[in-house]
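# Okay, predicted coordinates and the sequence, questions at the end:
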Number of protein chains: 2
Amino acid sequence: MDSSFSASEVARVANFRAALRAFLRKSERNARQSGLTPQRYLLLLMIKGTPDGSEQSTVTELSERLQLAQSTVTELVRRAEEAGLVEREQSALDGRVAHLRLTAEGDRRLMKAFTTNEQERQELRSAIAHIED
Amino acid sequence: MDSSFSASEVARVANFRAALRAFLRKSERNARQSGLTPQRYLLLLMIKGTPDGSEQSTVTELSERLQLAQSTVTELVRRAEEAGLVEREQSALDGRVAHLRLTAEGDRRLMKAFTTNEQERQELRSAIAHIED
């Protein structure tokens, strides 16, 4: 791999990482203002936003998408269940697998943060487009 | 603000956040493999990648771009100096301001991680472009 990057290439990447830091920080603030820790916001987002449109997920799938150990996700899910934000249903096909979905309260808090975040997402898109120019 | 987002909109954002988690995790791994903590990688990147092309920065500028308190950045810089990765020069115009720049060793480690990260950046670009379709 060629390691000769120009100063403007390094500056472009630095700008991207600065925009990303700002995005993540605002997203964390919006999650907290909606009654969710940043990690729990991501958990609920991944449960609802499944690629297949089913709006339910398993610990194994969440572990992959959140880049967290299964034991960590299991604990996150357990606490979200206790807080009344997530509920589980045993799979009819395989009793060892539980499908997770949001409760009405989980959905309400997720979508509150998600809606506020739309502005941050637009700012990030605009920053990335500018950097790519 | 309209809070009626479609299921596919939520799934699109969940995919973006999953791609972002994967990118950040790989970037952290690449930093460590180049002898830098993830936070120190970002510090060196912001010092070198200044928007004005000077390749030097102040604590105040870094604080803004890293979204960290000035006291945190001061401590990060102090430890990077001790590790021989960053050096400072008092401003000729204002003796209270120090301009920070990378040492040869700081530059070497930064560019090693930066170069490896190019593949992760391309993957993230591709994931974002796919999500935006």
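All right, it came through fine. This structure is a prediction, so every number in the text was calculated from the model and none was measured. Numbers count the residues shown, from 1 in each chain, chains lettered A, B, ... in the order given.

# Could you measure from the most centrally placed residue in chain A over to A:Glu118?
Centroid-nearest residue in chain A: A:Leu42, 2.9 Å away (criterion: CA atoms, centre = their mean). With distances taken as CB to CB, to the nearest Å, A:Leu42 is found 16 Å from A:Glu118. For the C-beta atoms, the positions are set from N, CA and C on the backbone; glycine is no exception.

# what's the answer for A:Glu55, then?
On the measure of CB to CB, A:Glu55 and A:Glu118 end up 19 Å apart.

# May I ask which helix or strand encompasses the residue lying closest to A:Thr37 once chain neighbours are set aside?
Leaving out its chain neighbours, the residue that sits closest to A:Thr37 by CB to CB, 6 or more residues apart in numbering or on different chains is A:Ala31, at 6.7 Å. Element membership for A:Ala31, per DSSP states H and E: helix A:7-33.

# angle of that helix against helix B:7-33?
Per axes from the mean of the first three to the mean of the last three CA atoms, to 10 degrees, the angle that helix A:7-33 makes with helix B:7-33 is 120 degrees.

# So which elements touch helix A:7-33?
With contacts taken as 3 or more CB pairs under 8 Å, 6 or more residues apart in numbering or on different chains; DSSP states H and E, helix A:7-33 sits against helix A:38-48, helix A:104-132, helix B:38-48, helix B:59-66, helix B:104-132.

# State the number of residues packed around A:Ala18.
22 (other CB atoms under 10 Å in any protein chain shown).

# what's the closest non-adjacent residue to it?
Closest to A:Ala18 by CB to CB, 6+ apart is B:Arg65, at 4.2 Å.

# Near the one you found, how many other residues are there?
25.

# Test my guess that it contacts A:Ala11.
No. Counting by CB atoms under 8 Å, B:Arg65 stays clear of A:Ala11, with 11.2 Å between them.

# Just confirm A:Pro17 contacts B:Leu45, I think it does.
Check again: residue A:17 is Arg, not Pro. Yes. The pair A:Arg17 / B:Leu45 is scored as a contact, 6.2 Å apart, by CB under 8 Å.

# Among those two, which residue is more densely surrounded?
Shown here are A:Arg17 and B:Leu45; by other CB under 10 Å, B:Leu45 has more neighbours (26 against 21).

# pLDDT score assigned to that one?
B:Leu45 is assigned 97 on the pLDDT scale.

# That one: what's it in contact with?
Residues counted as contacts of B:Leu45 (CB atoms under 8 Å, 6 or more residues apart in numbering or on different chains) are A:Val10, A:Val13, A:Ala14, A:Arg17, B:Leu110, B:Phe114.

# Excluding residues flanking it in the chain, which one is nearest the second one?
Using CB to CB, 6+ apart and skipping the chain neighbours, the partner closest in space to A:Val13 is B:Gly49 (6.3 Å).
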